[in-house]
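[1] The following comprises the amino acid sequence and a computationally predicted model.
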Amino acid sequence: MTATSAGQDLSARFEEEFGSAPDGVWQAPGRVNLIGEHTDYNEGFVLPFAIDRTARVAVAARQDNTVRLLSTYGDQGVVTTSLESVRPGTAKGWTKYPLGVMWALREQGIDVPGIDLLLDSNVPLGAGLSSSHAIECAVITALNDITGAGLEAQDMVLATQRAENDFVGAPTGIMDQSASLRGSKGHAVFLDCRDQTASLVPFETEPAGLVLLVIDTKVSHSHADGGYASRRASCELGAEVLGVKALRDVEVADLAEASGLLDEVTFRRVRHVVTENDRVLQAVELLAGPGPGAVGPLLDASHASMRDDFEISCPELDLAVDTSRAHGAIGARMTGGGFGGAAIALTPVAAEQEVRDAVAKAFAGAGFTAPDIFTVSPAAGAMRIA
């Protein structure tokens, strides 16, 4: 289904549910982070790309302060509230994401009206593919158009980050929104999280005879839980002890000295971030030169670092990575915040089916829930589609 036809279908569904046509339909993609995990809130480097799985919202402005929200999945029904009632701690479930965006925009003085909104999404939930940010980016793109606010991409990135941090309660950085809002077909987004400088890096697997497999372990995760927050706190402690603004300012060559200043756990957290930043920079150089076939070892090293130093993997993710590598993938790593979610495996086309079969068999043998395995390609960022 094309984006246009999907937009028309959602528009028709909106009219059935709310009794009138929407002002438009907007979509924003989920993302896969090729490399650069937990570096974003340390003012470092990341290399995500927008994927061909999207959240779509049909939206109509209202003449009053009522907000009505409906999703095509689940059985929650229409959730009705008012603009005055939209405050941190008041929203539940998926409605936190559109309401958080509305709150953040109103907090910065933008005159957001009451709205009717219908959400549809095919970004897998809880898989580490940023389904929540896809919703937020679709909503802020819609509201930017509807209100005529004239926000640039970097403004929308910061507004959605505020929604995540202060409304949803998840201490996330700016990577996911940046990929969703700035993505481009056939490219990854090389993002400097200190100053939001972004550039597009060619990342096309097909000409290289490769596919990028996503292995959704079905182990759900939540950024608002303690694991993510404790890792961030460790990074902040490490930066404070080392006397730097952020771990971005620590080089690989500084790690020997850092090991004598930090406790063992904090040092390992710091070492992951510092070496991961270096891996991102190496990956950008390789993609611009020899191409995607050269980045496999960096993916492997990234996973080992997250497993051993940052300790955010889980048995299912490790099994997905190890099995993929043993059956032909040239590189594999967990992707996303960790504690569940998905792994990625950069795989020769000729080995794709073998990797799929082997991972499915390994999960069954371990008694794990069957994984969902699919390919993704770098896709365009947020846009209006109807």
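    Cool, got the structure. Numbers count the residues shown, from 1 in each chain.
[2] so who does I215 touch?
    Residues near I215 by C-beta atoms under 8 Å, 6 or more residues apart in numbering: A320, S324, A342, A343, I344, A345, V359, P371, D372, I373. The C-beta positions use only the backbone N, C-alpha and C, and glycine is treated the same way.
[3] tell me the least confident of those?
    Lowest pLDDT among these: A342, with 93.
[4] Pop out the phi and psi values for that one.
    The phi and psi values for A342, taken as degrees, to the nearest 10, are phi -120, psi 160.
[5] Name whatever forms a beta bridge with it.
    D216, T335 (DSSP bridges).
[6] Could you report the separation of it from V32?
    Applying C-beta to C-beta, to the nearest Å, the value for A342 to V32 is 8 Å.
[7] Touching both of these two, which residues are there?
    L129, V214, T335.
[8] any idea which of these has the most stuff around it?
    Neighbour counts for the shared contacts of A342 and V32, by other C-beta atoms under 10 Å, peak at T335, which reaches 29 neighbours.
[9] out of the contacts of I215, who has the most neighbours?
    A320 (33 neighbours).
[10] Packing partners of the host helix or strand of that one?
    Under the criterion of DSSP states H and E, A320 resides in helix 315-326. On a contact count with 3 or more C-beta pairs under 8 Å, 6 or more residues apart in numbering; DSSP states H and E, helix 315-326 meets strand 210-216, helix 296-308, strand 331-335, strand 342-348, helix 352-366.
[11] closest one to A60 among these?
    Smallest distance to A60 across those (C-beta to C-beta): 33.3 Å, for strand 210-216.
[12] helix or strand right after that closest one?
    helix 226-242.
[13] In the helix or strand just after that next one, which residues are buried?
    Next helix or strand after helix 226-242 toward the C-terminus (DSSP H and E): helix 255-259. By neighbour count on 16 or more other C-beta atoms under 10 Å, the buried set for helix 255-259 is A258.
[14] for helix 255-259, packing partners?
    Using 3+ C-beta pairs under 8 Å, 6+ apart, helix 255-259 sits against helix 264-288.
[15] Only the buried residues of the helix it packs on, if you could.
    266-280, 282-284, 286-287.
[16] Give me the angle between the helix holding A320 and strand 210-216.
    160 degrees (axes from the mean of the first three to the mean of the last three C-alpha atoms, to 10 degrees).
[17] Contacts only, for the residue lying closest to G293 once chain neighbours are set aside.
    Nearest non-adjacent residue to G293, counting by C-beta to C-beta, 6 or more residues apart in numbering: A208, 5.0 Å away. By C-beta under 8 Å, 6+ apart, the contact list for A208 reads G291, P292, G293.
[18] okay, these in a markdown table with distance to A159 next?
    Formatted as a markdown table, those follow (distance: C-beta to C-beta, whole Å):
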| residue | distance to A159 |
| --- | --- |
| G291 | 35 |
| P292 | 33 |
| G293 | 38 |
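[19] out of those, which is most surrounded?
    Ranking the contacts of A208 using other C-beta under 10 Å puts P292 first, with 24 neighbours.
[20] how much space between it and T347?
    P292 sits 11 Å away from T347, going by C-beta to C-beta.
[21] repeat for E206
    E206 sits 12 Å away from T347, going by C-beta to C-beta.
[22] Have a look at those two and say which one is more surrounded.
    With neighbours defined as other C-beta under 10 Å, E206 and T347 compare such that T347 has more, 28 against 11.
[23] Now that F49 has come up, it's in contact with V189, right?
    Yes. Look at F49 against V189 with C-beta atoms under 8 Å: they come within range, at 6.3 Å.
[24] All the strands of the stretch 1-150 of the chain, residue numbers only.
    Assigned by DSSP state E, counting those that start in this stretch, the strands in the stretch 1-150 of the chain fall at 24-35, 45-61, 66-71, 79-82, 115-121.
[25] tell me the contacts of the residue nearest to A326 when sequence neighbours are not counted?
    The shortest distance from A326 to any residue other than its chain neighbours is 7.2 Å, reached at A358 (C-beta to C-beta, 6+ apart). A358 is in contact with T323, S324, A326, H327, counting by C-beta under 8 Å, 6+ apart.
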